[in-house]
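J.: starting from these lines, generate the structure:
(chains A, B and C)
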Amino acid sequence: MAGDKFGKGHHLHLVDGSAFIFRAYHALPPLTRKSDGLPVGAVSGFCNMIHKMIEGNTGPDAPTHAAVVFDKGSHTFRNDMYDQYKANRDEMPEDLRPQIPLTREATRAFNLACLELEGYEADDIIATLARQAREAGGRCTIISSDKDLMQLVGGGVEMLDAMKNLRIDSEGVEAKFGVGPDRVVDVQALAGDSVDNIPGAPGIGVKTAALLINEYGDLETLLSRADEIKQPKRRETLIEFAEQIRLSKRLVTLDTETPIEVTLEELEVKDPEPGPLMAFLAEMEFRTLTRRIAEQMGVEAPEIADTPAPVAEGAPEAVPFNHSAYEIVRDMAALEAWIARAHAVGYVAVDTETTSLNEMTADLVGVCLSTEAGLACYIPVGHREGGDDLFGGEKRVDGQLPLTDVLNALKPMLEEPSILKIGQNMKYDAKILARYGVDVAPIDDTMLMSYAMHAGLHGHGMDTLSDRYLGHQPIPIKSLLGSGKSQITFAEVGIADAAPYAAEDADITLRLWQQFKPALHRAQVTTVYETLERPLVPVLARMEMAGIKVDRDTLSRMSNAFAQKMAGLEHEIHALAGTPFNVGSPKQLGEILFDQMGLEGGKKGKTGAYATGADVLEDLAAQGHDLPARVLDWRQLSKLKSTYTDALQDHINAETGRVHTSYSIAGANTGRLASTDPNLQNIPVRTEEGRRIREAFIAEPGKVLVSLDYSQIELRILAHIAGIDALKQAFREGQDIHAITASEMFNVPLDEMTPDVRRQAKAINFGVIYGISGFGLARNLRIPRAEAQGFIDRYFERFPGIRDYMDATRDFAKSNGYVQTLFGRKIHTPEINAKGPKASFAYRAAINAPIQGTAADVIRRAMIRMENAIEGCPARMLLQVHDELLFEVEEDAVDDLIARAREVMEAAADPAVQLSVPLTVDAGQGANWAQAH
DNA sequence: ACGCTCACG
DNA sequence: GACGTACGTGAGCGTA
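T.: The predicted model follows:
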């Protein structure tokens, strides 16, 4: 019979592989491979199920042909029909994702045909093959319990629930749906399916649907005669939702004509070959299964090492760096070859070279790709002759492909969902390419991988990472561009010099990725990377590109006013000093105050200069000295003018009229973002004079700025983490948290609370978040140290949970070298076991990091979900200021935006973390940021 | 390049 | 018992 055409007497088994995987994943604990921590629980379960199935395939029902069928990709033709199809499905768990390709390998290792088809679900392939088997006169058994497949039963096709070992034939289907297999889709179309998000007819379930179909024969007859139905509700539903029901039917109906390129004859059952199967099982390190199958096959089980592989930190690279091996791409054939390489391996490291570090204005000069360690190319597109002539007519260097040709060729690859684009600080490259109409996705980012694994240990720039993890020092960019005044742009660097530098960056990035990818699992920060780092990249890129409108005239007027006031103050200060000096020089000011004028309390810092900080000057001013008081005023104005009203004007983009900040994702150790060029996270707000600078941040005509900020988020997180019932209750009841603290500490009833007592309690609450010390609190409250210590003692007495939290956090940091946020972010504290003041710093940072970091995680989650949540609302998210999000919204959509954004922010911890305190969000709106805040 | 000062959360 | 401190950032300025 072997080799015969499939037909009578043959029996095809079709396994719903994707269902196997999910069942295996959920049934088993999260096993990991011992040598490197790769998650393999689902693969293990999958192999056991396949093995068990093969073992049981004896006797008259044994298959002559078989295949395991998988879903491929998440987008199918059904999504084109209905964008909500399966839209309520959760994302695939992060530790399952890397196991998916391994299950394909497992299938092949068992010598089973492995089928999948882009754009189709496994069910469609199964439907197609089952139809072919039936038409050929053979039998077919579908190994699955998915009711969506029941429409295929009949005419020699049956289903088998492998778990319950239950065969389902036409009668079984009728028992389940109340109709025969041929009418299953009609019933499903009416009943809908919440799991797959099939809408169906509202209020009609399987029972009613079967009743109706049995009465009218089929769905179309039912719908055309819907007006005959007696029950008014039912009648109206069927008439009103007729189209939705028809759509549902199309969604549940399986495609029996998928273009699968395999013949039934090719699916003939073959015995597993010991070689490849043993090799795969051993590679997965499945000890028990390897031994058992080896015994059954009568072969020797391969040896599986029992020790974790050594961590290759700082190990020398396997492939040496060879700059002359990099290719300069100068023709389309070479470019196409590189694109083909990316398609072949499914990933590619990408790096762009540009004329400046400002992504909003930089021009593309070249693109680098790497698909393999040591193998990289440079594609020059924007090199120009240096030293432009008198007419400014810079000439394009010869030997470069036209920019548009290169972009047209690269765009499909850079946007191809099945090719992973790897970058170091990919937000930069993505923004550059976005300006050339390329939407890079999906991405991985070695900087963010390092941040997830190594926050607190070292920086995450390419040079640091290359040195540390590849033992290689990259070519310094300075050697190409020079520095200072004579610095040139990358466009002016000769292609021959540029290529090794540029291609090397892609090579390094790829090598780092190869090393970091498995290390991410070992460090158990995959979820942090996948949910808190990587998805933030496109969100921030869009915020930065949106920018915020800043009114130059407002700033300019303020600058002039500040300049006038400063001149007056400067005059007074010089008069008071009796001599002109540079008020902006702390050194000169210190000498004037403490040497010349002989004021008390001059303290020199480590550089030998007097300290003249605001606290020092305030003390002197409080003693009645005018000069330091004037200097304080002058300094405030000077700060506002130079840092804000002047500098901000230089950041207004000529094309957009807006200011585009850049957020560093891996800048702050705790998970907070940092804003640079310019920093829009420290625009003044605390003093009235400074606050007015926010009036220059405005909405476009017809739009409004809306600010939403978390109320007391860090204290709420502290109350949750440390489990302080009194504080948690106060938050639940929406009470004044500082007043409650004061009341508890000083035994003052709430209605007798004075502002001063409340202020002290507030300082203590914040002190706790910062890793409180008597010295620090004393300085902040300007009270004697002993008194401050007394406050702290009383606070710990009243809220012993705080002390427990601090002790537990310190102990954890000491034994693990890091602390964690509620979402699993790790912040390393390498100096916690040092001696001296360093340890004190590390201790306080360790106390603070889980609280600040958890708050940072929360708002990151909100930002990542925000774009979906406000879709359709004419609004854009512009800025993040740690606990605040600023939006620009069309006037008539303000209330809608506030409602939606608030909902996302308040629920941002769910479902990963169930906070025992509510998160609440305050909202404001106005024509400018001062009003909105 | 580095420290000081000060803006924010 | 002494040490030197509130946590996390970035920018502009003066000084070396």
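J.: flag every residue of chain A that's near DNA strand B.
T.: Along chain A, the residues adjacent to DNA strand B under the rule Cβ under 7 Å from any atom of the strand are A:586, A:590, A:605-607, A:609, A:611-614, A:617, A:632, A:635-636, A:639-640, A:643, A:681-687, A:690-691, A:852, A:881-884. Backbone N, C-alpha and C define where each C-beta goes, glycine included.
J.: those: which ones sit near DNA strand C?
T.: Taking Cβ under 7 Å from any atom of the strand as the test, DNA strand C is in contact with A:643, A:681, A:682, A:852, A:882 out of the residues of chain A next to DNA strand B.
J.: quick check, the fourth one in a strand?
T.: No. In this structure, residue A:852 is helix, not part of a strand, as judged by DSSP: H, G, I helix; E, B strand; the rest coil.
J.: and it, what pLDDT?
T.: Note for residue A:852: predicted pLDDT of 95.
J.: and if you look at the first one?
T.: Note for residue A:643: predicted pLDDT of 93.
J.: ok, residue A:42 next?
T.: pLDDT, residue A:42: 91.
J.: now it. Nearest residue, chain neighbours left out?
T.: Once flanking residues are discounted, residue A:42 sits nearest to residue A:25: 3.9 Å by Cβ to Cβ, 6 or more residues apart in numbering.
J.: what residues of the helix or strand containing the one you found count as buried?
T.: Per DSSP states H and E: residue A:25 is located in helix A:17-27. Going by neighbour count (16 or more other Cβ atoms under 10 Å), the buried part of helix A:17-27 is A:17, A:18, A:19, A:20, A:21, A:22, A:23, A:24, A:25.
J.: and that helix, what other elements does it pack with?
T.: Judged by 3 or more Cβ pairs under 8 Å, 6 or more residues apart in numbering; DSSP states H and E, helix A:17-27 is in contact with helix A:41-55, strand A:65-69, helix A:100-109, helix A:122-135.
J.: and if we set it to 7 Å?
T.: Using 3 or more Cβ pairs under 7 Å, 6 or more residues apart in numbering; DSSP states H and E as the contact criterion, the elements in contact with helix A:17-27 are helix A:41-55, helix A:100-109.
J.: mind checking which of the ones you listed is nearest residue A:764?
T.: helix A:41-55 (46.8 Å; Cβ to Cβ).
J.: what sits against the residue in chain A that DNA strand C sits nearest to?
T.: DNA strand C sits closest to residue A:767 of chain A, with a gap of 2.2 Å, by Cβ to the nearest atom of the strand. Counting by Cβ atoms under 7 Å, 6 or more residues apart in numbering, residue A:767 makes contact with A:776, A:777.
J.: tell me the buried residues in the helix or strand containing it?
T.: Element membership for residue A:767 (DSSP H and E) is helix A:755-769. For helix A:755-769, the neighbour count (16+ other Cβ under 10 Å) marks A:757, A:758, A:760, A:761, A:762, A:763, A:764, A:765, A:767, A:768, A:769 as buried.
J.: quick one: residue A:108 and residue A:114 touch, right?
T.: Yes. Counting by Cβ atoms under 7 Å, residue A:108 does reach residue A:114; the two are 5.5 Å apart.
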